[in-house]
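Participant: got a predicted structure plus its sequence, pasted below:
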Amino acid sequence: MKMQFNCLLARCIGKELTNQEEDLDSSGYPKLSIAAVDCGMVLVNTFEDTFGDTYDSGKGVWGVFSETISKDLSQSVVSLASYDGDARVFACSGLIIKWNGCTTILTSASLVRNRRDESKIQENLRIDVLLPDQQHTEGTLQHCHLHFNVAIVSFNGSTSIAADIHGPVSSNYSRVAAVGRIFQSGMLMATKGTIQGHFERRFDCTALYYSSCEITKAGIGGPLVDYRGKFYGMNFYDAKEGTPFLPRSTILEVLAHFEKKRIVPEADDDGCVNRWPVPKPFWRRPDKHHQNEDKEGHR
């Protein structure tokens with residue numbers, strides 16, 4: 001009898017694991033029955049997965065940064081989440097910058113990209129910004145370039161420091177750090193690595209470079225900086241090849257474009273918008289560790 005029950009339970013759980021995109025909870029994660037959770041199922045590819053070392057620890061690259069650089073990053077890196085009603089759609093990091101005479105947030109357009117049509121933004125999303133002081137404020141999408149995956153979000157209030165993304169950087173300086181903040185906890189994280197060169201594999205965008213920094217989805221939209229705090233680019237996420245980043249020079253070109261147009265789908269010469277796949281969250285059996293954890297999809 002016990003064996004029959006276990007077989008039936010296994011079949012039910014197996015069915016749940018093959019239909020994970022149909023029923024999502026308010027955090028944007030696939031729902032799973034209590035029985036399945038009790039069987040040790042593990043949720044992977046979440047927006048709460050940590051990386052590197054925390055700011056408070058003083059370890060890793062935080063021990064390399066000067067006190068001033070660490071403090072500046074802690075006051076300029078934010079986290080954002082987009083919501084469709086009460087359901088969270090996406091969460092990522094962002095960087096407070098001074099641009100066009102205003103204090104705004106530079107982040108990833110994945111925050112507002114339509115999950116069913118990646119060449120469009122998802123309309124009527126609510127954006128919640130978690131500021132460095134752990135206060136929440138409403139964000140407003142001001143500009144969006146879907147082809148290069150760049151967005152500018154305005155927000156109300158903050159005494160946070162605005163990062164300088166216009167300052168010159170050295171082309172001979174390869175040691176860098178990826179920085180990001182988790183939306184639910186507010187945890188600030190950073191991990192160090194080196195710039196590896198052009199990223200020519202899993203993404204359409206030919207402007208991408210990549211570093212050896214290992215981040216999670218929480219680091220999408222966060223800054224890549226050198227050990228002197230100089231801005232090198234904005235991070236994306238890839239579990240296989242390293243961390244792709246859009247270089248500072250391309251971002252500045254996009255920002256200049258924003259002065260003329262608000263929403264820019266901007267396809268390439270073939271009329272196609274670059275794809276920016278993000279691994280979807282899903283439940284896996286505990287014995288399937290790391291298998292298919294890079295499941296592609298917009299979410």
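Facilitator: Received it, and whenever you're ready, just let me know what you need. Since the model is a prediction, treat every value here as computed from it, not as a measurement. Numbers count the residues shown, from 1 in each chain.
Participant: measure the residue nearest to Asn100 when sequence neighbours are not counted to Gln142 for me?
Facilitator: Closest residue to Asn100 apart from its sequence neighbours, by C-beta to C-beta, 6 or more residues apart in numbering: Glu259 at 6.7 Å. Backbone N, C-alpha and C define where each C-beta goes, glycine included. Distance, Glu259 to Gln142, using C-beta to C-beta, to the nearest Å: 11 Å.
Participant: more neighbours, those two?
Facilitator: Set side by side, Glu259 and Gln142 give different neighbour counts by other C-beta atoms under 10 Å, the larger being at Gln142 (18 against 10).
Participant: what strands line up against the helix or strand hosting that one, and which way round?
Facilitator: Per DSSP states H and E, Gln142 falls inside strand 136-145. Strand 136-145 sits in its sheet next to strand 126-130 (antiparallel), strand 150-155 (antiparallel), strand 263-264 (parallel), going by DSSP bridges.
Participant: which parts of that strand are buried?
Facilitator: Buried positions in strand 136-145, judged by neighbour count with 16 or more other C-beta atoms under 10 Å: Gly139, Leu141, Gln142, His143, Cys144, His145.
Participant: who touches that strand?
Facilitator: 80, 104-105, 109, 112, 121, 125-131, 150-158, 254, 257-258, 262-264, 266 (C-beta atoms under 8 Å, 6 or more residues apart in numbering).
Participant: so for it, what's the average pLDDT?
Facilitator: On average, the pLDDT along strand 136-145 is 95.
Participant: then stretch 227-234?
Facilitator: On average, stretch 227-234 scores 96.
Participant: pull out the buried positions in the lengthiest strand in the chain.
Facilitator: Scanning the chain for the strand with the most residues, using DSSP state E, yields strand 87-99. Of the residues in strand 87-99, those buried by neighbour count under the rule 16+ other C-beta under 10 Å are Arg88, Val89, Phe90, Ala91, Cys92, Ser93, Gly94, Leu95, Ile96, Ile97, Trp99.
Participant: redo these as JSON lines? Include distance to Ile215 and pLDDT.
Facilitator: Formatted as JSON lines, those follow (distance: C-beta to C-beta, whole Å; pLDDT from 0 to 100):
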{"residue": "Arg88", "distance to Ile215": "20", "pLDDT": "96"}
{"residue": "Val89", "distance to Ile215": "20", "pLDDT": "96"}
{"residue": "Phe90", "distance to Ile215": "16", "pLDDT": "97"}
{"residue": "Ala91", "distance to Ile215": "14", "pLDDT": "98"}
{"residue": "Cys92", "distance to Ile215": "11", "pLDDT": "98"}
{"residue": "Ser93", "distance to Ile215": "9", "pLDDT": "99"}
{"residue": "Gly94", "distance to Ile215": "14", "pLDDT": "99"}
{"residue": "Leu95", "distance to Ile215": "14", "pLDDT": "98"}
{"residue": "Ile96", "distance to Ile215": "19", "pLDDT": "98"}
{"residue": "Ile97", "distance to Ile215": "20", "pLDDT": "97"}
{"residue": "Trp99", "distance to Ile215": "24", "pLDDT": "91"}
